[in-house]
Every structure is written in structure tokens, then in C-alpha cells.
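In: Provided below are the primary sequence and the corresponding predicted coordinates.
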Amino acid sequence: MPVLRPWLDARDPWRFVDNDPESDPTVFVPYLVRLEMPGGQIHEPAMAAIVGARTVFIQPARVTSGVTPIGQPPGGFAGGDVPLAGVSSGRVDIRPVPADWHQLRARYPWAYEEWCAHEARETYQWAEDGMSVEDIAGRLARPAEHVTAKLARVRALVGAAGWAPPRVEYTPYDRYASSLFTEPLDTVTEQAAPPPRRWYDEDPEVDPTAHLRFVLHLRRRGEETGTAEPVYEVQLRKDAIWFHRVRDGSRLRPRLTEVTAGWVEIRPVPADQERLRATYPAAYRPWGAGEALLVLRAGRGGGLSDNLRIAELRRPPDHVAAKYARLEELARAARTPGPRAEPAPHHRDPRRIEGQYIVNVLDVAIPREVAARAGATDVALLDGCFGCTLTDEQVEALRADPDVDYITDDVVLDLR
């Protein structure tokens with residue numbers, strides 16, 4: 001049974017709304033949120049939802065606050081943010097649009113949209129004044145069959161209430177003549193993909209020291225199989241699905257009408273996450289590229305345990321050690337074997353110290369190994385490079401080494 005929602009406003013006593021879109025055939029409710037929580041569960045149809053790092057925001061399809069129910073009991077989820085820490089697991093189903101969506105939207109831009117309170121009020125009043133359903137449909141930019149169905153629901157509300165609000169007179173202004181109802185809706189385009197990941201910026205889905213709670217499952221029109229990919233965040237809007245993809249960091253925005261089925265999976269957290277985060281707040285969070293590079297360089301310098309910058313990452317020591325081991329595996333796989341096409345650059349400086357050089361290596365290379373291969377002496381390991389003493393023959397050998405980025409002369413600085 002629809003619900004009458006009277007508003008105690010003397011200036012506008014006709015403000016009421018049929019507040020159960022889930023049972024209304026003229027409204028499309030695109031999402032169904034199901035969350036499992038220690039104290040129970042939320043099972044709520046929604047017009048929109050945002051699945052983010054800290055909360056799940058739900059805009060429920062049913063209005064539950066300030067409602068005077070008629071024929072159904074009060075209560076239900078009022079909407080808003082649900083802390084993700086209190087969610088054991090869950091999913092948000094993405095429903096396909098009705099079969100006649102495109103046909104009706106081409107002529108009636110507001111087909112299947114939620115009804116505002118003033119639309120329900122005006123539909124009833126115009127019908128009581130003798131206006132035809134076709135004329136009402138033209139004013140509301142909704143299909144005539146939807147107007148007929150809605151009018152029956154509103155009349156049921158008035159009949160159940162036993163009263164009808166007084167008439168409201170309008171100024172001679174047709175709000176529905178606005179281009180908002182006649183111009184085509186803007187299309188939602190996908191943003192250009194960002195540059196590809198660096199080798200050390202590993203996909204968190206395969207990293208045991210990172211945990212991703214959200215997986216977006218989608219099947220688009222014309223596709224026989226769907227996709228399932230981890231995401232950082234999903235915004236489920238009434239006309240599109242905005243999501244931040246983990247694989248390449250891109251942000252995509254497919255229209256809801258392009259999707260035939262899908263859901264957002266909310267995974268359980270690792271068993272030790274809560275305990276670890278009490279001491280290390282960043283435990284299991286995906287690693288940034290800069291963080292990974294910091295761990296790689298600190299590990300090669302032998303400073304994972306006594307390194308202030310590593311401590312500032314606020315991650316468990318065993319996770320840091322595991323990350324370093326994994327990065328060295330990735331580095332070995334990313335190395336380019338064989339001779340280089342041309343020698344590495346050698347930047348000369350007139351203030352140079354004869355025989356002293358700074359050798360910068362590629363991220364995939366271990367500086368001390370490069371120095372050892374060349375037979376360098378007086379080696380001082382630095383961040384991604386090393387200072388050393390070299391002969392002219394050793395300089396040329398390093399310029400031919402595929403792990404070397406470039407060489408610079410060591411110089412004497414005059415600080416006067």
C-alpha cells in the first residue's frame with residue numbers, strides 16, 4: 001500500500017508523496033544494498049549508493065523519516081552513512097533498466113524517474129480539474145501509462161486517508177516548458193586512461209600485504225560474459241556507475257543503461273587487520289608507487305628496520321619485509337637482458353674530481369651489484385645511485401651496462 005506523507009506547512013498543505021518507489025511500476029530503483037553486520041543486516045532498495053574507503057552511503061528508495069504510514073508499518077533504514085568497519089560482508093546489486101527504457105526516454109525524458117511531491121499533488125489536482133492524461137503526461141514529461149498508474153496510487157492514498165488536501169492555485173507559469181525536460185540528457189563519457197603502472201607499482205589484488213574490500217562485477221550490453229575487477233571506490237548514481245579501477249588507476253563512468261547486470265562485492269577483512277591497525281594504521285592498505293620505491297631503496301641500503309621514513313609508513317615490519325622481497329622479484333623480472341643500444345649518458349663537469357663519479361642506476365637494478373660488476377672502489381651507496389672511484393675503462397664498461405641510467409662527475413663545491 002502506498003504511503004501518504006503529509007507536511008504540516010500552512011503555505012503548501014498539498015505536499016505529499018507516494019513514498020514506496022520499490023513497489024511503484026512507474027519508478028526504476030536501480031540498486032539493492034545488502035550488508036551483513038554483527039548486529040543484524042541491512043536489506044534496502046536504493047536510488048544511489050557510494051561504496052568508499054570508510055563508509056557505505058545509502059540513499060534509500062523508501063522515505064522513512066517524518067512519514068505517517070497508511071497500510072504499512074513504520075520503520076526501516078533511514079539512509080545515510082554506514083561505517084565500513086561495522087560491515088562483515090555484503091553486496092550491492094545493480095539492476096538492469098526496464099526493457100522499454102530507451103523507447104520511453106526518447107520521448108519522455110522523465111520516464112521511470114522518482115516522483116517529486118509536487119508532481120503527485122499536481123497530477124491529482126489536474127485530473128480533478130478534468131485535464132486529460134495525455135496533457136498531464138506532456139506537462140510532466142512522463143508516459144501516459146505511467147501517469148495513469150500513478151494517479152491510481154495517489155487516489156488510493158487519498159481514499160485511505162479519508163481526506164484530500166485543499167486546492168492550491170498557481171501563477172500562470174508553466175515550469176515544465178523548461179529545456180530541462182525537452183533537451184536530450186548529457187552523455188556520460190569515460191575519462192582517458194592514465195599512463196601504465198611502473199613495474200614496482202604492483203596490482204594490490206596479488207599483493208598479500210594489501211587487501212581490497214571491493215570488487216565490481218559488470219556485464220555490459222552485447223557482452224556474453226562479465227568482468228570482475230577490484231576497485232578503490234564505487235559511486236552508484238541514478239544514471240551512471242562511477243568507479244576508480246585498481247588495475248591501472250583509471251576512473252570510469254559507464255552509463256547505467258549500458259549495464260545488463262552487475263553488483264559490488266564487499267569482502268570480509270583479514271582476520272588480523274583490526275589487531276594490526278591498532279598499532280600500524282596503514283596495515284593492509286594498498287601501497288602507493290612512492291611507498292614501494294621507498295621500501296625498495298631502503299631495503300637495498302640495508303635500512304628497513306632502522307629507517308625513520310620506513311617507520312612513517314605505519315605498516316607492520318613483516319609486511320614491509322615481505323613487500324621488499326616481492327619488489328626484488330619484480331625487479332628481476334623487469335630487467336632488460338643483453339647489451340644496450342647506445343652508451344649511458346656521461347654528464348661532464350669542469351669542477352670534477354678526477355677519477356670520482358656518481359653512477360645512477362635504473363630502479364630495477366641493485367646499486368651494489370652494479371658497482372661490484374664494474375670493480376669500482378671506494379663505493380658509497382646512495383639513494384638509487386652510488387659514488388665511487390673508477391678508471392676510464394671502468395667508466396666505459398658502466399656506460400655499456402644495461403642497468404645504468406647515467407653517470408655524472410663528482411665535483412668540488414665552493415660554498416664561499
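Out: Right, received. Where do you want to start?

In: wait, a strand at residue 160?
Out: No: counting by DSSP: H, G, I helix; E, B strand; the rest coil, residue 160 is not found in a strand; it is helix.

In: point out where the stretch 301-416 of the chain drops to low pLDDT.
Out: 414-416 (pLDDT under 70).

In: contacting residues around the spatially closest residue to residue 205 that is not a sequence neighbour?
Out: Take residue 205 and drop its neighbours on the chain: the residue closest to it by CB to CB, 6 or more residues apart in numbering is residue 230, 4.8 Å away. Backbone N, C-alpha and C define where each C-beta goes, glycine included. Contact analysis of residue 230 by CB atoms under 8 Å, 6 or more residues apart in numbering lists 204, 205, 212, 214, 215, 216, 245, 246, 247.

In: pick out the most distant pair among the residues you listed.
Out: 204 and 216 (14.5 Å; CB to CB).

In: in terms of neighbours, single out the busier of the two.
Out: residue 216 (26 against 18; other CB atoms under 10 Å).

In: wait, that one sits on residue 254?
Out: No: Residue 216 sits out of contact with residue 254 when judged by CB atoms under 8 Å, with a separation of 10.4 Å.

In: mind listing the shared neighbours of those two?
Out: Joint contacts of residue 216 and residue 254 (CB under 8 Å, 6+ apart) are residue 241.

In: for the biggest strand by length in the chain, the distance to its chain's centre please.
Out: Longest strand of the chain, by residue count under DSSP state E: strand 40-51. From the chain centre to the centre of strand 40-51 is a distance of 17 Å (CA atoms, centre = their mean, to the nearest Å).

In: still on that earlier bit, the residue nearest to residue 205: what secondary structure?
Out: Assignment for residue 230 (three-state DSSP): strand.

In: how far away is it from residue 217?
Out: Here residue 230 is placed at a distance of 11 Å from residue 217 (CB to CB, to the nearest Å).

In: now residue 99. Its backbone dihedrals?
Out: As for residue 99, its main-chain torsions (degrees, to the nearest 10) stand at phi -60, psi -30.

In: what separation is there between the spatially closest residue to residue 244 that is not a sequence neighbour and residue 202?
Out: Nearest non-adjacent residue to residue 244, counting by CB to CB, 6+ apart: residue 232, 4.2 Å away. Separation of residue 232 from residue 202 (CB to CB) stands at 15 Å.

In: and stretch 377-388, which residues are buried?
Out: The neighbour-count check on stretch 377-388 (16 or more other CB atoms under 10 Å) flags 379, 381, 384, 385, 386, 387, 388 as buried.

In: can you list contacts of that stretch?
Out: Contacts for stretch 377-388 (CB under 8 Å, 6+ apart): 297, 300-301, 356-361, 363, 367-368, 370-371, 376, 389, 410.

In: go again using 6 Å as the cut-off
Out: 297, 301, 358, 359, 360, 367, 371, 376, 389 (CB atoms under 6 Å, 6 or more residues apart in numbering).

In: CA atoms only: put that stretch into PDB for me.
Out: C-alpha atoms of stretch 377-388 as PDB (Å, rounded to 0.1, in the frame of the first residue of the first chain):
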ATOM      1  CA  THR A 377      86.400   1.100  -5.500                       C
ATOM      2  CA  ASP A 378      85.600   3.500  -2.600                       C
ATOM      3  CA  VAL A 379      82.000   2.800  -3.100                       C
ATOM      4  CA  ALA A 380      79.400   4.800  -1.200                       C
ATOM      5  CA  LEU A 381      75.800   3.600  -1.600                       C
ATOM      6  CA  LEU A 382      73.300   6.400  -2.000                       C
ATOM      7  CA  ASP A 383      69.500   6.600  -2.900                       C
ATOM      8  CA  GLY A 384      69.300   4.900  -6.300                       C
ATOM      9  CA  CYS A 385      72.900   5.500  -7.100                       C
ATOM     10  CA  PHE A 386      76.500   5.100  -5.800                       C
ATOM     11  CA  GLY A 387      79.600   7.200  -5.600                       C
ATOM     12  CA  CYS A 388      82.900   5.600  -6.400                       C
END
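
In: so how far is that stretch off the chain centroid?
Out: Worked out by CA atoms, centre = their mean, stretch 377-388 lies 42 Å from the chain centre.
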